[in-house]
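A.B. asks: after the sequence you'll find the predicted model.
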Amino acid sequence: MADAGALSERVPSTRREAEARFDRLVRENRFTISVFFPLNGAVLLVASAEGWLPAPLAFNPLLILLGTVVMRSPLVAGVAPLVDRRAAVGVLALALYSYGVEYVGIETGFPYGEFFYGIDLGPTVAGVPVGLPVFFLPLVMNAYLLCLLLLGGRAERTGVRLGVVVAAVLAMDAVLDPGAVALGFWVYPGGGVFYGVPLSNYAGWVLSATVAVVTLDRVFDRRGLRARLADCEFVLDDLVSFVILWGGINAWFDNWIPVVVAGVFGVGLLRTERFDAGLLRVRRSPFR
């Protein structure tokens with residue numbers, strides 16, 4: 001009975017308590033999540049692409065998915081308190097949309113251009129990785145949150161807000177896709193003018209990004225997001241991970257334009273004070 005009582009004390013009894021514990025877990029491990037994980041991820045992915053790792057470890061889909069989920073955790077913890085029924089339905093709809101548009105893309109080449117997956121990214125349904133929303137949706141939410149911070153009062157203008165966020169998502173894909181192609185994550189058989197990526201891919205992302213951005217804009221409380229951004233210092237740490245991981249991978253493969261674009265996002269994070277002392281703080285020894 002004592003063990004049962006202790007267990008009940010450890011298990012959160014309310015959603016708010018669970019969110020508070022999740023916040024604390026992320027806050028106390030910011031450096032590990034947002035710096036250590038992407039640095040190690042970049043090394044392991046490059047080593048896999050270069051043939052330096054044995055088969056069980058090279059491009060291990062479980063490790064890829066696990067690492068991605070860990071790096072996404074600050075964003076999830078950050079927005080969790082704002083996920084009401086309306087937001088949950090919207091996110092679910094976008095997850096289904098991401099599966100649908102990816103399936104159409106694989107089968108028909110529309111809207112991204114003809115491509116196929118070059119490595120195993122885990123379990124699939126109809127050829128589409130089950131973990132796809134974990135890769136896609138956070139890109140859009142990170143861009144949305146960053147632009148809310150950078151635009152300030154100008155974000156209240158719908159056209160400005162949506163246009164800038166869509167452009168930011170496209171810029172993020174200009175970092176992601178060249179690095180992913182260099183690693184062999186996916187392949188465009190016809191090649192492409194931008195580090196092996198065809199321009200049709202970015203035309204397709206205009207469609208995907210616009211649908212996703214408009215949906216998130218409709219289902220989330222923007223005032224609530226602004227308040228959470230002001231209150232939660234780690235909510236954009238997933239974007240810190242993105243800059244480190246994909247900036248590093250592109251640098252290894254001499255994809256210098258994507259490296260510069262990743263650097264621009266880093267500057268944006270600096271301007272919003274998200275590369276802050278709390279992320280990089282090292283505890284001083286008591287003997288010093």
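C.D. replies: Thanks, I have the structure now.
A.B. asks: show me the contacts for the nearest residue to L139 once chain neighbours are set aside.
C.D. replies: Spatial nearest neighbour of L139, chain neighbours left out: M172 (5.3 Å); criterion: C-beta to C-beta, 6 or more residues apart in numbering. The C-beta positions use only the backbone N, C-alpha and C, and glycine is treated the same way. Contacts for M172 (C-beta atoms under 8 Å, 6 or more residues apart in numbering) come out as L139, N142, A143, F242, F265.
A.B. asks: what's the closest of those residues to V235?
C.D. replies: N142 (9.2 Å; C-beta to C-beta).
A.B. asks: which of the contacts of M172 has the most neighbours?
C.D. replies: Highest neighbour count within the contacts of M172, by other C-beta atoms under 10 Å: A143, with 26 neighbours.
A.B. asks: who's in contact with that residue?
C.D. replies: A143 is in contact with V165, A168, V169, M172, V213, counting by C-beta under 8 Å, 6+ apart.
A.B. asks: the residues you listed into CSV, with extra columns for distance to V206, secondary structure and pLDDT?
C.D. replies: Below are these laid out as CSV (distance: C-beta to C-beta, whole Å; DSSP: H, G, I helix; E, B strand; the rest coil; pLDDT from 0 to 100):
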residue, distance to V206, secondary structure, pLDDT
V165, 12, helix, 96
A168, 13, helix, 97
V169, 9, helix, 96
M172, 13, helix, 97
V213, 11, helix, 96
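A.B. asks: farthest pair in these?
C.D. replies: That would be M172 and V213, which, of these, are the farthest apart (C-beta to C-beta) at 11.9 Å.
A.B. asks: do you know how far the closest residue to L82 other than its chain neighbours is from L66?
C.D. replies: What sits nearest to L82 in space, not counting adjacent residues and going by C-beta to C-beta, 6+ apart, is G224, at 4.8 Å. Here the distance between G224 and L66 works out to 30 Å (C-beta to C-beta, to the nearest Å).
A.B. asks: one more: G192?
C.D. replies: Per C-beta to C-beta, G192 is found 30 Å from L66.
A.B. asks: one more: L132?
C.D. replies: Noted for L132: a distance of 16 Å to L66, by C-beta to C-beta.
A.B. asks: got it, and G152?
C.D. replies: 37 Å.
A.B. asks: cool, L75 as well?
C.D. replies: Look at L75 and L66: by C-beta to C-beta, they are 16 Å apart.
A.B. asks: those two: which has the busier surroundings?
C.D. replies: With neighbours defined as other C-beta under 10 Å, L75 and L66 compare such that L75 has more, 22 against 12.
A.B. asks: so for the more buried one, what's the nearest residue that isn't a sequence neighbour?
C.D. replies: Take L75 and drop its neighbours on the chain: the residue closest to it by C-beta to C-beta, 6+ apart is D238, 4.2 Å away.
A.B. asks: also G105?
C.D. replies: Leaving aside its chain neighbours, G105 sits nearest to Y112 (4.8 Å; criterion: C-beta to C-beta, 6+ apart).
A.B. asks: and the pLDDT for the one you found?
C.D. replies: For Y112, the pLDDT comes out at 93.
A.B. asks: neighbours of it, how many?
C.D. replies: 25.
A.B. asks: ramachandran angles for it?
C.D. replies: Backbone torsions of Y112, given as degrees, to the nearest 10, read phi -90, psi -10.
A.B. asks: cool, and V128?
C.D. replies: The phi/psi pair for V128 (degrees, to the nearest 10) is phi -100, psi 130.
A.B. asks: next one: T14
C.D. replies: Dihedral angles of T14 (phi, psi; degrees, to the nearest 10) stand at phi -130, psi 160.
A.B. asks: now do R27
C.D. replies: The phi/psi pair for R27 (degrees, to the nearest 10) is phi -60, psi -40.
A.B. asks: I'd like to know how far the nearest residue to it once chain neighbours are set aside sits from G41.
C.D. replies: Nearest residue to R27 in three dimensions, chain neighbours excluded: F234, at 6.0 Å (C-beta to C-beta, 6+ apart). Separation of F234 from G41 (C-beta to C-beta): 18 Å.
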